[in-house]
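Trainee: Below are the sequence and a predicted model for it; my questions follow.
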Amino acid sequence: MYDAILAESTSITGYRDHVVEAYLSRPMRPGPIGSVVVIHHMPGYDRSTKEITRRFAEGGFAAICPNLYHREAPGADSDDAAAAARAAGGVPDERLIGDMFGAVRYLRGLTSSNGRVGIIGYCSGGRQALLAACHLDLQAAVDCYGAFVARAPSPEMSSRVRPIVEHLPQLSCPLLGLFGAEDIYPTPEEVVDLEQALAKAGKDFDFHTYEGAGHAFFDVDRPGYRPSAATDGWGRILKFFGLHLSN
């Protein structure tokens, strides 16, 4: 099988028709294939997130990662853009949903698309992936250690982020959740709260918590990287998307 991939910068039309920078990667072969929206972590639209986007293309999916901080700091490096976004209190939920709608529309517009789109997010992106799945027509969602889903941030944190439990009855698709037992954002107790809320809403979900792992255990460039948890997690993610995004 021809296994080349294409990876390139592009743009999507997001919230209020704003043109948002994005990174696209897809297999160089005919479709139809499923697609994945990748939501970057709080540190921003960086090299590690682009590597994740390419990995989905290697797995047979078209994938796109919008730069959620593009408005705050167009053209800035990921650290400066992330600092600007944090100073503004984070990405507003309404804007996030609008940008994700644009990303989903972009993927479904590819000639290779089978129309089935999943979403995945890491860190703050985990919460945002779940939020988007409660407001958009999606076929699968993955939350990788997203905090402040079931519990609010502490009062001293300068953030506009709020819990999204009230949105869970609108969840449009199956959800996979991957968490670290030693994480504090979210804590294991918050994960239990989320499980209970999803069960109450009658939603299809599958959660896994890894012992010995804290936050960002997927990130090979950070001290929290845990190869065993990341390897198992990648296997679960690809299997999950393969099940729900295939024809």
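Mentor: Okay, I see it. Everything numeric in this text was worked out from a predicted model, so none of it was measured.

Trainee: Identify the residues contacting Leu178.
Mentor: Each residue near Leu178 by CB atoms under 8 Å, 6 or more residues apart in numbering is listed here: Val142, Asp143, Cys144, Tyr145, Phe207, His208, Tyr210, Gly233, Arg236, Ile237. Using the backbone N, CA and C atoms, a C-beta is placed for each residue, glycine as well.

Trainee: Check Ile97 too.
Mentor: Tyr15, Leu131, Ala132, His135, Leu136.

Trainee: pLDDT score assigned to it?
Mentor: We have a pLDDT of 98 for Ile97.

Trainee: Can you list the low-confidence ranges for the protein?
Mentor: 1, 156-159 (pLDDT under 70).

Trainee: would JSON lines of the contacts of Leu178 with secondary structure, neighbour count and distance to Arg116 be doable?
Mentor: Putting those into JSON lines (DSSP: H, G, I helix; E, B strand; the rest coil; neighbours: other CB atoms under 10 Å; distance: CB to CB, whole Å) gives the following:
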{"residue": "Val142", "secondary structure": "strand", "neighbour count": "29", "distance to Arg116": "14"}
{"residue": "Asp143", "secondary structure": "strand", "neighbour count": "29", "distance to Arg116": "19"}
{"residue": "Cys144", "secondary structure": "strand", "neighbour count": "25", "distance to Arg116": "20"}
{"residue": "Tyr145", "secondary structure": "coil", "neighbour count": "30", "distance to Arg116": "25"}
{"residue": "Phe207", "secondary structure": "strand", "neighbour count": "15", "distance to Arg116": "23"}
{"residue": "His208", "secondary structure": "strand", "neighbour count": "12", "distance to Arg116": "23"}
{"residue": "Tyr210", "secondary structure": "strand", "neighbour count": "20", "distance to Arg116": "28"}
{"residue": "Gly233", "secondary structure": "helix", "neighbour count": "22", "distance to Arg116": "22"}
{"residue": "Arg236", "secondary structure": "helix", "neighbour count": "15", "distance to Arg116": "18"}
{"residue": "Ile237", "secondary structure": "helix", "neighbour count": "23", "distance to Arg116": "15"}
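
Trainee: Out of the residues you listed, the closest to Glu182 would be?
Mentor: Tyr210 (8.9 Å; CB to CB).

Trainee: So which residue is smack in the middle of this structure?
Mentor: Gly121 (1.7 Å; CA atoms, centre = their mean).

Trainee: which residues touch it?
Mentor: Contacts of Gly121 (CB under 8 Å, 6+ apart): Val38, Ile39, His40, His41, Arg127, Gln128, Ala129, Leu130, Val142, Asp143, Cys144, Gly146.

Trainee: Leaving out the residues flanking it, which one is nearest to His41?
Mentor: Leaving aside its sequence neighbours, His41 sits nearest to Cys123 (CB to CB, 6 or more residues apart in numbering; 3.6 Å).

Trainee: Looks like that neighbour contacts Met42 (just checking).
Mentor: Yes: using CB atoms under 8 Å, Cys123 makes contact with Met42 at a distance of 4.8 Å.

Trainee: Who has more neighbours out of these two?
Mentor: A count of neighbours by other CB atoms under 10 Å puts Cys123 above the other of Cys123 and Met42, at 21 against 18.

Trainee: Run through the residues that contact that one.
Mentor: His41, Met42, Pro43, Cys144, Tyr145, Gly146, Ala147, Tyr185, His215, Ala216.

Trainee: What segments of the protein are strands?
Mentor: 5-13, 19-27, 33-39, 62-66, 113-122, 140-144, 175-180, 205-210 (DSSP state E).

Trainee: relative to strand 19-27, how tilted is the fifth one?
Mentor: The one in question is strand 113-122. With axes from the mean of the first three to the mean of the last three CA atoms, to 10 degrees applied, the angle from strand 113-122 to strand 19-27 works out at 110 degrees.
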